[in-house]
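**Student:** I would like to see how this sequence folds:
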Amino acid sequence: MTAVRRAAMALALVAATIAPALACSGGTDLVGRLRDEEPARFAAFEAAGRKTPNAEGLLWRLSKDGRAESHLFGTIHLSDPRLAPLPAEALDAISNARLVLVEPRDSADPDEAGKALKLASQMAFRPQGRTLGLLPPQDRVAVMNLMAARGVPEMAARRLEPWFLAMLATTPTCEIARVDTGALNVDRMVIEAARAAGRRVSGLEDADEQMETLAAVPPELAARVLIDTARLGPGFSDFIETVINLYRDRRIGFLSAALRDLDLGGPRMRTELDYFEAVLAGRNERMEQRSRDALDQGGVFVAVGAMHLPGPDGLVERFRALGFTVESVL
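**Tutor:** Residues are numbered from 1 along each chain as shown. The predicted model follows:
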């Protein structure tokens, strides 16, 4: 849902008395620390992670009945420099595809980006305001400081929906700064590689669908995200560093094992995972259904957030249920 996030961040900056986003501060990879310092607990983490089907792997080959091979690639909606360039195997698969499918149609079609921004402005603003009323008095200052660090002062935050603020809260300040300077996240790298190879790019979801998914986050969860992210303080950097390194290790499906089974980071960090899962709900089925016709013709490169791939309801299992042989490449 990267394009909707870009539109939302742009809207937030328009609403704000533009404040400079904070630079990235070094977080700690909690899984890496566990591996180095507590080998027994790390072994328990490994065992827990492998209970999730298809928890390892970012690039998967889809084959069926002699048709041209297709590929499924898991992205991450971040532009951390360590995520570039795309793996050579992914670039090869893109260059050999006839069609590249990404999450949002407005990423594939620049003309749709303006519509996404307009939609965000329509859905995110509540002139009467109600966000502060959801927050316990003792947490309001911390949450307003969190929003200020993301370029949104209190007067603007008061007029924004809780779900919108929650989305901003889960976006690192350094990511906002990088996007503002034109940095490419992994999704955009896929699109640019496809265009450089002369491949057609299309999207699986409309901006209004993605915005509705964000808006469907219950107010209680949105408030918990705001409070727990604010209270995590530097621990939020640990969460982001852990996610990035699990992605780089091609093991994003182990995130639940880290935060739930091993309780790395504690209950406030589990709230971040609860939010991740809330904005995934129902979208795997939609992506599967909308990619079926293209996959039936073969030669497709599907690139969506890596969290959509693992698990019994993930796209790897869903494509297998359609009769494809799905094998890990990377």
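
**Student:** Count the residues that sit near Gly26.
**Tutor:** 8 (other Cβ atoms under 10 Å). To be clear about C-beta, it is placed using only N, CA and C from the backbone, and glycine gets the same treatment.

**Student:** Surely it is in contact with Pro234?
**Tutor:** No: under the criterion of Cβ atoms under 8 Å, Gly26 is not in contact with Pro234, lying 9.5 Å apart.

**Student:** Next, give phi and psi for the nearest residue in space to Asp263 that is not next to it in sequence.
**Tutor:** Nearest residue to Asp263, sequence neighbours excluded (Cβ to Cβ, 6 or more residues apart in numbering): Arg270, at 7.7 Å. Main-chain torsions, Arg270, degrees, to the nearest 10: phi -60, psi -30.

**Student:** Give me the distance between the most centrally placed residue in the chain and Ala197.
**Tutor:** Among the residues of the chain, the one closest to the centroid is His77, at 4.6 Å (Cα atoms, centre = their mean). With distances taken as Cβ to Cβ, to the nearest Å, His77 is found 22 Å from Ala197.

**Student:** Ok, Gly253 next?
**Tutor:** 29 Å.

**Student:** Gly151 in helix, strand or coil?
**Tutor:** Put simply, Gly151 is coil when judged by DSSP: H, G, I helix; E, B strand; the rest coil.

**Student:** Pretty sure it sits against Ala177.
**Tutor:** No: when contacts are counted by Cβ under 8 Å, Gly151 is not listed as touching Ala177 (9.2 Å).

**Student:** If you count surrounding residues, which of those two has more?
**Tutor:** Taking neighbours as other Cβ under 10 Å, Gly151 and Ala177 compare with Gly151 leading, 23 against 18.

**Student:** What residues sit buried inside stretch 230-248?
**Tutor:** By 16 or more other Cβ atoms under 10 Å, the buried positions in stretch 230-248 come out as 230, 232, 235-247.

**Student:** Compute the mean per-residue pLDDT across that stretch, please.
**Tutor:** Per-residue pLDDT values over stretch 230-248 give a mean of 96.

**Student:** List of residues touching that stretch?
**Tutor:** 24-32, 58, 74, 76, 78, 80, 82-83, 139, 142-143, 145-146, 169, 172, 229, 252, 254-255, 258, 264-265, 268-269, 272, 306 (Cβ atoms under 8 Å, 6 or more residues apart in numbering).

**Student:** before we move on, what about stretch 296-303?
**Tutor:** Here stretch 296-303 has contacts from 64, 67-75, 93-94, 96-103, 187, 190, 194, 199, 204, 287, 291, 294-295, 315, using Cβ under 8 Å, 6+ apart.

**Student:** Would you mind measuring the gap between the ends of that stretch?
**Tutor:** 17 Å (Cα to Cα, to the nearest Å).

**Student:** Give me the mean pLDDT for that stretch.
**Tutor:** Computed over stretch 296-303, the average pLDDT equals 97.

**Student:** May I see the buried residues of it?
**Tutor:** So stretch 296-303, judged by 16+ other Cβ under 10 Å, has buried residues 298-303.

**Student:** now, which of those sits nearest Met155?
**Tutor:** Each of these was checked against Met155 using Cβ to Cβ; the closest is Ala303, at 38.7 Å.

**Student:** Check whether that closest one sits in a helix, strand or coil.
**Tutor:** Assignment for Ala303 (three-state DSSP): strand.

**Student:** Now do it against Leu86, distance only.
**Tutor:** Look at Ala303 and Leu86: by Cβ to Cβ, they are 10 Å apart.

**Student:** Overlap of the contact sets of those two?
**Tutor:** Val190.

**Student:** mind listing the strands for the protein?
**Tutor:** Under the criterion DSSP state E, the chain contains strands at 59-63, 70-75, 99-104, 200-205, 300-305, 325-328.

**Student:** quick one: which of those strands is nearest Ala43?
**Tutor:** Closest to Ala43 of these, according to Cβ to Cβ: strand 325-328, at 22.4 Å.

**Student:** That closest one - which strands sit beside it in the sheet, and in what orientation?
**Tutor:** strand 59-63 (antiparallel) (DSSP bridges).
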